[in-house]
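**Student:** Generate coordinates for the sequence data below:
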Amino acid sequence: MPTKTLLALGLSLAFCNAAQAATAVQTHGKLSVKENRIIDASGAPLSLAGPSLFWSNTGWNADRYYDPEVVNYLQEQWNAPIIRAAIGAGANGGMLTHPEDNTRRAETVIDAALEQGMYVILDWHAHHAEQHRDKAIAFFEHFATKYGNTDNIIYEIYNEPLADTDWDTVIKPYAEALIARIRAIDPDNLIIVGTQTWSQDVDKAAINPIQGYDNIAYTLHFYAGTHKQALRDKAEQALQQGAALMVTEWGTVNADGDGEVDKHSSEQWLDFMRKHHLTHANWALNDKDEGASMLKPGTAPDGNWTDDDLTESGLYVKSIIKGWHSIDYSGDSE
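**Tutor:** Residues are numbered from 1 along each chain as shown. The predicted structure is shown next:
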């Protein structure tokens with residue numbers, strides 16, 4: 001073969017390999033907030049779709065999915081550019097009783113996400129986070145110190161405050177205390193702040209937002225079988241008031257995590273998230289015998305899965321995640 005032909009072939013292969021090597025984080029870089037949008041390093045509004053792991057608690061049987069092979073599978077087979085680690089913050093196997101176990105699980109997922117070039121939402125998965133603020137501060141200081149110099153990490157500092165946990169007097173002061181300590185270590189990675197009523201009252205947060213810090217967004221959660229247009233109206237109002245939102249948890253089923261897949265309502269929500277460029281993580285990558293689980297009961301935690309291992313919701317969510325992005329981070333052309 002002529003030398004010029006060999007050179008051209010070599011350059012072509014090198015170009016293809018470089019294109020295949022591009023990951024989500026390499027492509028989009030550091031995320032930030034501009035007005036009511038989360039944007040990438042180029043300034044473009046960015047919407048990513050991925051899964052959320054289930055509670056990490058020791059003894060709950062979902063911790064076994066906090067495994068590098070699971071993260072690798074999600075990126076390589078589902079083309080997922082983002083994953084959420086739901087670190088149980090309370091007792092009963094969570095951070096209050098098993099801090100070393102849960103810290104290790106979080107680090108396992110984050111390290112695997114970094115290896116795959118994925119963004120990772122580090123979630124303090126609690127309903128009463130204000131009761132153990134010092135624990136939350138120590139947790140996020142640890143992870144900000146270890147990973148704050150990467151573009152991958154996103155801090156979700158309070159999963160779902162309850163309906164009677166007031167935004168103005170409880171949630172916002174808690175968030176300000178956490179944000180101050182994180183920002184002392186990591187000045188710019190995204191911080192997502194939970195909102196009142198299981199992270200639905202984003203309108204209250206928008207009326208009285210966090211001031212004095214950059215790259216703050218607010219948490220919106222929904223379950224398609226339960227939450228309909230009224231919650232979208234709240235979210236629309238918050239966006240109009242200038243709040244940036246991230247859907248760090250949503251389900252295809254009812255708010256109790258069970259029931260049939262409500263595809264019609266899910267599609268309405270997907271249209272809403274596309275319209276407003278909202279990043280979202282579906283609940284949950286687990287094999288619990290309930291409608292929201294992506295995996296059938298007994299599915300091994302090795303990531304070596306076929307569609308036969310997926311539930312109705314899992315198959316649907318897989319199709320959403322694979323079809324969401326204009327860029328294929330696995331290196332295969334779409």
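**Student:** and the residue nearest to the spatial centre of the chain, what pLDDT?
**Tutor:** For the chain, the residue nearest the mean C-alpha position is Arg84 (3.8 Å; C-alpha atoms, centre = their mean). pLDDT recorded at Arg84 is 99.
**Student:** Pretty sure it sits against Tyr119.
**Tutor:** No. Arg84 lies out of contact with Tyr119 (C-beta atoms under 8 Å); the separation is 9.5 Å. In short, each C-beta sits where N, CA and C put it, glycine included.
**Student:** joint contacts of the two?
**Tutor:** Listed as contacting both Arg84 and Tyr119 by C-beta atoms under 8 Å, 6 or more residues apart in numbering are Gly50.
**Student:** before we move on, back to that, which residues touch the residue nearest to the centre of the chain?
**Tutor:** Listed by C-beta under 8 Å, 6+ apart, the contact set of Arg84 reads Gly50, Pro51, Ser52, Leu53, Val120, Ile121, Asp123, Glu156, Thr248, Glu249, Ala281.
**Student:** OK, contacts around Ser221?
**Tutor:** Quick fix: residue 221 reads His, not Ser. Counting by C-beta under 8 Å, 6+ apart, His221 touches Glu160, Trp198, Ser199, Gln200, Val247, Thr248, Glu249, Trp250.
**Student:** follow-up on the earlier one: might you specify the subset of the contacts of Arg84 located within strands?
**Tutor:** Gly50, Pro51, Ser52, Leu53, Val120, Ile121, Asp123, Glu156, Thr248, Glu249, Ala281 (DSSP state E).
**Student:** Quick one: those residues as JSON lines, columns for pLDDT, neighbour count and distance to Gly59 too.
**Tutor:** Putting these into JSON lines (pLDDT from 0 to 100; neighbours: other C-beta atoms under 10 Å; distance: C-beta to C-beta, whole Å) gives the following:
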{"residue": "Gly50", "pLDDT": "98", "neighbour count": "29", "distance to Gly59": "26"}
{"residue": "Pro51", "pLDDT": "98", "neighbour count": "25", "distance to Gly59": "22"}
{"residue": "Ser52", "pLDDT": "99", "neighbour count": "25", "distance to Gly59": "20"}
{"residue": "Leu53", "pLDDT": "99", "neighbour count": "29", "distance to Gly59": "16"}
{"residue": "Val120", "pLDDT": "98", "neighbour count": "25", "distance to Gly59": "24"}
{"residue": "Ile121", "pLDDT": "99", "neighbour count": "26", "distance to Gly59": "23"}
{"residue": "Asp123", "pLDDT": "99", "neighbour count": "30", "distance to Gly59": "19"}
{"residue": "Glu156", "pLDDT": "99", "neighbour count": "27", "distance to Gly59": "23"}
{"residue": "Thr248", "pLDDT": "98", "neighbour count": "26", "distance to Gly59": "24"}
{"residue": "Glu249", "pLDDT": "98", "neighbour count": "27", "distance to Gly59": "22"}
{"residue": "Ala281", "pLDDT": "98", "neighbour count": "28", "distance to Gly59": "24"}
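**Student:** Tell me the one of these nearest Trp324?
**Tutor:** Closest approach between these and Trp324, by C-beta to C-beta: Gly50, at 8.8 Å.
**Student:** ok, that closest one touching Val71?
**Tutor:** No. Using C-beta under 8 Å as the test, Gly50 is too far from Val71 to be in contact (10.3 Å).
**Student:** which neighbours do those two share?
**Tutor:** By C-beta under 8 Å, 6+ apart, the residues touching both Gly50 and Val71 are Ile83, Met118.
**Student:** Work out for me the element the residue nearest to the centre of the chain sits within.
**Tutor:** strand 82-88 (DSSP states H and E).
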